[in-house]
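1. Fold the following.
(2 chains)
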Amino acid sequence: MASLPHDVLFEISSWLPAKAIYKFSSTSKFFSNFPRDKYFALKQTQNSLSKIDTCLFFQPDLTQRYNNNIAELHHLSGEDHSSGVSKVFINFLANSAKILSSSNGLILFRSTSDNKDQLFISNPATQTLLPIPIPDQLYTSVDADLKVVLQCDGQDNCMVFLFHDKEEDWCSNLECKVYATKEGVWKKKEGSFFTGSRNLKFDMPVIHNGVVHYISDCFPYFTKDSPYYRPYIMAYNFENGITTMLNVPKEARRGLHDISCDMRIFKWGKVNSSMDQSICLVRLRKCVFTIWVLTKYESSVWKKILKLRVKALGLIEKDPMVKGFSVMNGDLLVFATNKKVYGYGLSFSNENYMRIEEICEHGCDGSMVSFTSYSNTLRPCGGDDAKALLLTSTSFNEEL
Amino acid sequence: MAAEKSSIKIITLIAADGSVFEVEPNIVKEMKTVQSYIDELDQNTVSIPLPNVFGNDLAMIIEYCKKHASEEETKEAKEEFDFEFVKRMKSDDKLRLLQAASYLNMESFLQFMAKAIAAEIENQSVEFVRDYFQIESDFTPEEEAELRKENEWAFK
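-> Residues are numbered from 1 along each chain as shown, chains lettered A, B, ... in the order given. Here you go, the predicted model:
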């Protein structure tokens, strides 16, 4: 058989994860151009939108300015090392960064170094970083957590959304600012975000159809006659600035007053599968996971899909304690115990459907952990690429 | 639609080895090379020679097109079909089908095969990829050594 034409090799390579592209750049001169080719990077990014995330970042779940010098990257299926990032970058994260958000190949992190409090959009595979200034008025509370979320949907633009208290108003209205990497400035959004009286979990946003959703805590600090007696989900539409409230499933409200109760929401529905995209709610209470899927958005109708007792899963560990959990790729429950990370498939299209699989061991022993799902792409950091810095460059070291 | 205009009922595809396939117009819609043939002709029946595609491969491509053109099949069934379709193929089959897709100018099938091949090679070595695609290195040993050093992390 004759060797393949270049356009066919280009097409095949554009379906590889970033790490494999760097590896195969030693194949020939033609292959060695891929990591630097902008058109190729955009195509590879576009293709990765229809693939699942294969990696997850791991950090202790502490305040944003503190990471205990821990950052780890793990692979969803243990054998697959074709995606990943350089050890140099992981070390950099451990030394000076706390990951806050992730979107289609890029991460948003906050610097933990004492010198400068700053946000960065970064591509861990290409080791590029784009500094994002924190709006001046927020500097009054340096150590407070920022309520930020990153969204990269289009080809080369990324948005950072930030919610913050209004200066003149301390009640439940937050102002929303947006930073588009193409424009490079923070802009105020019309319409403030009404949060209700409970605290919202701003570290686990779910963006669904252009609307960001946050679930509230479930501590029993309201009386029965309060409209916020029950936990709820608040949704803010980035397009029109309107807030809406969604109810949690009736059944999920039972037994909330147990101190161990933890409710979180995640994206539901795997990309490139026949599953409908929606939101799922995972409740962990007394070492039992219960999962509901939102089937009718407008009327907050939920369907219970699973109840899972951690102790009945046959884990080797004695008395496993859940130290963190998430739903990745819209159909995989991932949870960490003291030492290990496990996955449990939630849909037919997952190869571990109704089956527990050990993903890896981790080194955040003892503390609560947070995971960040990550897909390995060549996506540029957005906007003016000239402003992006290389981790290895001297200009970057001056920046931090 | 060209197919409606000329009211073609059946299209005959003739593979490189002479084997003959009779298909309905909606099956070849994705084959732009074939479609442009049909658009030029104004006949009730058309027979089109495809000298670059072998019968076995054409049979598989038609099977794929039929499944995906069907409105009765559910998304789940198509998903399952795609999975099994790739699973039963050997490496060489995939490459041949990819080249056929390229020749027939079938965009989504080409992507589908490219994705399958990428999944097969991603965990392999540089040497495997050279061998698989029959590529000769055009680097000097020094150039290659330097590149490998530069991207050392990607080999771990």
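2. so who does A:Cys280 touch?
-> A:Cys280 makes contacts with A:Ile265, A:Phe266, A:Lys267, A:Trp268, A:Ile291, A:Trp292, A:Val293, A:Leu294, A:Ile305, A:Val327, A:Leu346, as judged by Cβ atoms under 8 Å, 6 or more residues apart in numbering or on different chains. Where C-beta positions appear, they are placed from N, C-alpha and C, glycine not excepted.
3. Which residue ranges of chain B form helices?
-> B:2-5, B:32-40, B:55-69, B:75-87, B:91-104, B:107-121, B:126-133, B:141-150 (DSSP state H).
4. residues of the fourth one that come out buried?
-> To tie it back to what came earlier, the one meant is helix B:75-87. For helix B:75-87, a neighbour-count test (16 or more other Cβ atoms under 10 Å in any protein chain shown) marks B:Glu79, B:Phe81, B:Asp82, B:Phe85, B:Val86 as buried.
5. just to revisit the earlier point, can you list the contacts of A:Cys280 in TSV and add distance to B:Phe139, pLDDT and neighbour count?
-> TSV is the format used below for the contacts of A:Cys280 (distance: Cβ to Cβ, whole Å; pLDDT from 0 to 100; neighbours: other Cβ atoms under 10 Å in any protein chain shown):
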residue	distance to B:Phe139	pLDDT	neighbour count
A:Ile265	50	97	23
A:Phe266	46	97	22
A:Lys267	43	96	20
A:Trp268	47	96	25
A:Ile291	52	97	23
A:Trp292	56	97	24
A:Val293	52	97	21
A:Leu294	54	97	22
A:Ile305	53	95	13
A:Val327	44	96	24
A:Leu346	46	94	26
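6. Show me those that map onto strands.
-> A:Ile265, A:Phe266, A:Lys267, A:Trp268, A:Ile291, A:Trp292, A:Val293, A:Leu294, A:Ile305, A:Val327 (DSSP state E).
7. got those as JSON lines, with distance to chain B columns?
-> Below are the ones in strands among the contacts of A:Cys280 laid out as JSON lines (distance: Cβ to the nearest Cβ, whole Å):
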{"residue": "A:Ile265", "distance to chain B": "25"}
{"residue": "A:Phe266", "distance to chain B": "22"}
{"residue": "A:Lys267", "distance to chain B": "19"}
{"residue": "A:Trp268", "distance to chain B": "16"}
{"residue": "A:Ile291", "distance to chain B": "21"}
{"residue": "A:Trp292", "distance to chain B": "22"}
{"residue": "A:Val293", "distance to chain B": "17"}
{"residue": "A:Leu294", "distance to chain B": "20"}
{"residue": "A:Ile305", "distance to chain B": "17"}
{"residue": "A:Val327", "distance to chain B": "20"}
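8. Can you check which of the helices of chain B gets nearest to A:Asn33?
-> Nearest of these to A:Asn33, taken as Cβ to Cβ: helix B:141-150 at 11.6 Å.
9. Residues touching that closest one, excluding its own?
-> Residues contacting helix B:141-150 (Cβ under 8 Å, 6+ apart): A:Ser25, A:Ser26, A:Ser32, B:Ser137, B:Phe139, B:Phe155.
10. which one of these is nearest A:Asn240?
-> A:Ser25 (45.3 Å).
11. Kindly state the pLDDT recorded for that closest one?
-> On the pLDDT scale, A:Ser25 is placed at 96.
12. For the nearest residue to it once chain neighbours are set aside, give me its contacts.
-> Closest residue to A:Ser25 in three dimensions, ignoring its sequence neighbours and counting by Cβ to Cβ, 6 or more residues apart in numbering or on different chains: A:Ser32, at 4.4 Å. Taking Cβ under 8 Å, 6+ apart, we find A:Ser32 in contact with A:Ser25, A:Ser26, B:Phe139, B:Leu147.
13. do A:Ala18 as well
-> By Cβ under 8 Å, 6+ apart, the contact list for A:Ala18 reads A:Gln44, A:Ser83, A:Gly105, A:Ala125, A:Thr126, A:Asn376, A:Thr377, A:Leu378.
14. swap in A:Ile265?
-> A:Met204, A:Val206, A:His213, A:Tyr214, A:Ile215, A:Ile233, A:Ile279, A:Cys280, A:Leu281, A:Val282.
15. Out of those residues, which comes closest to chain B?
-> Nearest to chain B out of the contacts of A:Ile265 is A:Cys280 (Cβ to the nearest Cβ; 19.2 Å).
16. Parallel or antiparallel, list what pairs with whichever strand or helix holds that closest one.
-> According to DSSP states H and E, A:Cys280 maps onto strand A:278-285. Here strand A:278-285 has these sheet partners by DSSP bridges: strand A:262-268 (antiparallel), strand A:288-296 (antiparallel).
17. roughly how far is it from the heart of the chain?
-> Distance of strand A:278-285 from its chain centroid, counting by Cα atoms, centre = their mean, to the nearest Å, is 16 Å.
18. Just the CA trace of that strand, in PDB.
-> Provided in PDB are the C-alpha atoms of strand A:278-285 (Å, rounded to 0.1, in the frame of the first residue of the first chain):
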ATOM      1  CA  SER A 278     -29.200  17.700  31.600                       C
ATOM      2  CA  ILE A 279     -28.200  18.100  35.200                       C
ATOM      3  CA  CYS A 280     -27.800  15.500  37.900                       C
ATOM      4  CA  LEU A 281     -27.900  15.800  41.600                       C
ATOM      5  CA  VAL A 282     -25.700  13.600  43.800                       C
ATOM      6  CA  ARG A 283     -26.400  13.300  47.500                       C
ATOM      7  CA  LEU A 284     -24.000  11.700  49.900                       C
ATOM      8  CA  ARG A 285     -25.400  10.900  53.300                       C
END
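19. residues of that strand that come out buried?
-> Neighbour-count burial for strand A:278-285, counted by 16+ other Cβ under 10 Å, picks out A:Ser278, A:Ile279, A:Cys280, A:Leu281, A:Val282, A:Arg283, A:Leu284, A:Arg285.
20. try stretch A:162-175
-> Using 16+ other Cβ under 10 Å as the test for burial, stretch A:162-175 gives A:Leu162, A:Phe163, A:His164, A:Asp165, A:Ser172, A:Leu174, A:Glu175.
21. what does stretch B:36-51 give?
-> B:Tyr37, B:Ile38, B:Val46, B:Ile48, B:Leu50.
22. again, but for stretch A:257-267
-> So, applying 16+ other Cβ under 10 Å, buried residues of stretch A:257-267: A:Cys261, A:Asp262, A:Met263, A:Arg264, A:Ile265, A:Phe266, A:Lys267.
23. Next, the contact list for the residue of the stretch 201-350 of chain A found nearest chain B, please.
-> Among all residues of the stretch 201-350 of chain A, A:Ser274 sits closest to chain B, at 3.5 Å; criterion: Cβ to the nearest Cβ. Neighbouring residues of A:Ser274 by Cβ under 8 Å, 6+ apart: A:Ser349, B:Thr74, B:Lys75, B:Glu76, B:Lys78, B:Glu79.
24. how about CSV for those residues, with distance to B:Glu127 and pLDDT added?
-> CSV is the format used below for those (distance: Cβ to Cβ, whole Å; pLDDT from 0 to 100):
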residue, distance to B:Glu127, pLDDT
A:Ser349, 34, 79
B:Thr74, 42, 88
B:Lys75, 39, 85
B:Glu76, 39, 85
B:Lys78, 36, 90
B:Glu79, 34, 87
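25. with the residues you listed in mind, which one is nearest to A:Glu361?
-> For these, the closest approach to A:Glu361 (Cβ to Cβ) belongs to A:Ser349, at 27.3 Å.
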